[in-house]
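> I would like to see how this sequence folds:
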Amino acid sequence: MEVRKSLVVNATPLETRIALLENGQLCELFVERTMNKSQVGDVYKGRVAKLLPGMQSAFVNIGGAKDGFLYLDDPVSQRLAADLAPEDEGEAGEEGAVEDLPPAPAPLPPLKEGEETLVQVVKDPIGSKGPRLSRHLSFPGRFLVFMPGIEHIGISRKITDPEERDRLRELIRSHALPGEGFIVRTAAIGERDEDLVGDVTFLRQMWEEIQAKAAPLQAPRLVWQDLRLLQKVLRDIFREEVASFWVDDAAVHREVVGFVEKLHPEWANRVKRFASDLPIFDAFGIEAEIEAARQPKVFLKHGGSIVLNQTEALVSVDVNTGKFVGKKDLEETVFLANLEAVPEIVRQLRLRNLGGIVVIDFIDMVDPAHRDTVLARLQEELKRDRNHARAGGISEFGLVEMTRKRTGPSLERQLTQPCPACSGTGRLVSPETALLRAYRELVRQGDRLRGADVRLTLHPELAASLHSEAREGLLQLARLLGARVQWIERADAPRQAVVLDLDLSEQDSASA
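Residues are numbered from 1 along each chain as shown. All right, here's what the predicted structure looks like:
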């Protein structure tokens with residue numbers, strides 16, 4: 001079945017959210033908040049704070065609240081896997097193995113405590129852990145990933161045509177200098193030689209500029225910042241199969257159009273400005289799907305359901321027949337319920353960004369042919385997933401074990417925080433999420449706020465945990481909409497919500 005893809009952007013000064021829709025259904029959500037931007041890909045000049053010889057690792061100060069963790073013997077194959085966009089990572093196989101394993105790079109010099117070194121963030125801080133770092137730097141371009149210090153030319157395994165693979169490999173090899181490595185990304189298929197060579201030149205010059213900038217700096221300092229969310233989506237996801245790119249903010253729309261006209265002018269008419277009083281995520285039904293994705297239970301069209309639970313060790317998925325009673329016999333009913341659950345399971349894993357080990361508990365099927373069909377459907381649906389995912393067979397207990405590459409925190413972890421009352425066994429809405437909900441409600445009210453009194457009431461603990469930048473952004477929006485704003489902190493207010501109280505009485509009397 002043909003898949004129609006669309007991208008929908010909701011941009012505000014406090015947050016950018018980008019939804020990927022397939023046939024009108026939300027399948028992936030990308031979130032970047034002004035007060036909590038990802039550091040992945042950023043390059044720092046850090047200072048070694050502490051060596052851990054027994055673990056062949058070190059803690060490196062890069063200027064954040066927590067020191068970053070650095071493996072001194074960082075496996076190159078794992079870095080290659082980390083450097084690829086999800087849709088390109090076929091170059092990296094099981095456990096970070098690489099199809100054409102590069103020769104080992106020249107050993108990096110040993111580090112001493114207090115020494116300065118260039119490092120790149122490969123994983124954001126999670127919980128009590130600081131960011132994960134690497135000394136093997138890499139820089140993704142439109143068509144290539146550049147790896148200084150590793151002499152290797154790799155081709156994404158999703159480029160399957162032998163002649164195209166040979167063409168790309170020989171072209172890049174002929175333009176690579178000693179000590180340079182490249183991985184050719186899926187986006188390079190069919191591209192002109194001069195565009196690919198241009199990417200080589202651009203990435204090489206960028207690396208030279210980074211080295212020149214880093215030399216005089218004193219650690220800890222940020223040296224180079226990777227593209228932000230919108231630019232990454234334009235580079236990695238806005239492809240031929242994306243039929244439309246909706247944007248609700250005028251400035252962001254101009255930025256997207258400018259980017260597309262420069263690279264793919266024939267696609268510029270796909271970028272559309274959304275102009276409506278209704279918020280864009282409400283209009284496309286995305287807001288409701290995000291809220292539903294925070295619930296463990298998902299109902300299927302014909303009465304069945306799936307239940308997803310994320311734990312520290314794994315993600316469990318349970319399939320239930322629910323109200324689905326079928327028309328023939330029990331075996332047929334179970335088979336159809338399992339079959340219907342498969343695409344929704346894969347969609348929910350993508351939407352919730354659940355990774356690591358996943359165990360799916362299908363309803364027991366007796367017929368081996370039914371098991372094979374369900375497994376084949378699962379394998380087929382996983383091909384839509386940009387993240388590397390691999391499923392094993394169905395066990396005699398109806399269980400399927402699979403793995404899905406982690407690419408950051410899950411949607412639940414992004415939008416919530418551990419509950420202090422139960423030491424993290426439950427999740428509560430995070431302060432940022434509570435404030436952004438209030439922000440979006442102000443946007444929904446729109447012109448109704450002109451001349452109105454708006455009271456923003458919240459618990460003192462919630463107020464204390466908010467970034468001043470986020471608070472000012474909310475107040476500024478209310479003032480821009482013409483409202484008179486009061487910020488009220490009360491001990492009896494909810495701890496996980498900003499309560500919005502609109503007094504339109506003066507506004508109504510003025511209009512009368």
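> and Leu7, that's in a strand?
Yes: per DSSP: H, G, I helix; E, B strand; the rest coil, Leu7 lies within a strand segment.
> Show the pLDDT at the closest residue to it other than its chain neighbours.
Distances taken as C-beta to C-beta, 6 or more residues apart in numbering place Phe245 nearest to Leu7, at 4.7 Å, with adjacent residues excluded. The C-beta positions use only the backbone N, C-alpha and C, and glycine is treated the same way. Here, the pLDDT recorded for Phe245 equals 96.
> is it true that Phe245 touches Ile237?
No: at 9.6 Å, Phe245 and Ile237 do not qualify as touching, with contact defined as C-beta atoms under 8 Å.
> intersection of neighbour lists for those two?
In terms of C-beta atoms under 8 Å, 6 or more residues apart in numbering, Phe245 and Ile237 are both contacted by the residues Leu7.
> what about the two, which has more around it?
Phe245 (24 against 20; other C-beta atoms under 10 Å).
> who are the neighbours in contact with that one?
Phe245 sits in contact with 6-7, 9, 238, 256, 260, 270-272, where contact means C-beta under 8 Å, 6+ apart.
> For my notes, confirm it occurs in a helix.
No: per three-state DSSP, Phe245 lies outside any helix segment and is strand.
> how close does it get to Leu314?
Per C-beta to C-beta, to the nearest Å, Phe245 is found 36 Å from Leu314.
> tell me the secondary structure for Val252?
Here Val252 is recorded as helix under three-state DSSP.
> burial of it, as a residue count?
Per other C-beta under 10 Å, the neighbour tally for Val252 reads 17.
> Not counting residues beside it along the chain, what's closest to it?
Using C-beta to C-beta, 6+ apart and skipping the chain neighbours, the partner closest in space to Val252 is Ala11 (4.3 Å).
> which residues does that neighbour form a beta bridge with?
Beta-bridge partners recorded for Ala11 (DSSP bridges): Thr16.
> is it true that it touches Arg254?
No: counting by C-beta under 8 Å, Ala11 does not reach Arg254; the two are 11.5 Å apart.
> who has more neighbours, these two?
Ala11 (22 against 13).
> Give me the distance between the more buried one and Arg165.
Relative to Arg165, Ala11 is positioned 38 Å away (C-beta to C-beta).
> Ile394 too?
Look at Ile394 and Arg165: by C-beta to C-beta, they are 34 Å apart.
> same thing with Gly63?
42 Å.
> Over to Phe281?
Counting by C-beta to C-beta, the gap from Phe281 to Arg165 is 40 Å.
> Look at those two and report which has more neighbours.
Counted by other C-beta under 10 Å, Phe281 and Arg165 do not tie: Phe281 has more neighbours, with 21 against 16.
> wait, doesn't that one sit right on Ile18?
No: the pair Phe281 / Ile18 is not scored as a contact, 10.5 Å apart, by C-beta under 8 Å.
> what residues do the two have in common as contacts?
By C-beta under 8 Å, 6+ apart, the residues touching both Phe281 and Ile18 are 8, 10.
> Could I get the full set of helices for the protein?
For the chain, the helices defined by DSSP state H occupy 76-83, 162-175, 193-214, 229-236, 250-263, 280-283, 286-292, 330-352, 368-382, 411-415, 431-445, 460-464, 468-480, 505-511.
> Grab the nearest non-local neighbour of the residue most central in space within the chain.
Against the mean C-alpha coordinate of the chain, by C-alpha atoms, centre = their mean, the closest residue is Phe30 at 4.8 Å. Among residues not flanking Phe30 along the chain, Ile18 sits closest, at 4.5 Å (C-beta to C-beta, 6+ apart).
> Which one of the contacts of Phe245 sits in the busiest neighbourhood?
Most surrounded of the contacts of Phe245: other C-beta under 10 Å gives Val256, at 27 neighbours.
> dump the residue contacts of that residue.
When contacts are counted by C-beta under 8 Å, 6+ apart, Val256 is found next to 9, 230, 234, 245, 247, 271.
> same question, Val3
Residues in contact with Val3 (C-beta under 8 Å, 6+ apart) are 22-23, 241, 384.
> again, 10 Å this time
By C-beta atoms under 10 Å, 6 or more residues apart in numbering, the contact set of Val3 is 22-23, 27, 241, 384.
> next one: phi and psi at it?
Main-chain torsions, Val3, degrees, to the nearest 10: phi -110, psi 120.
> For Glu380, see how far away it is.
12 Å.
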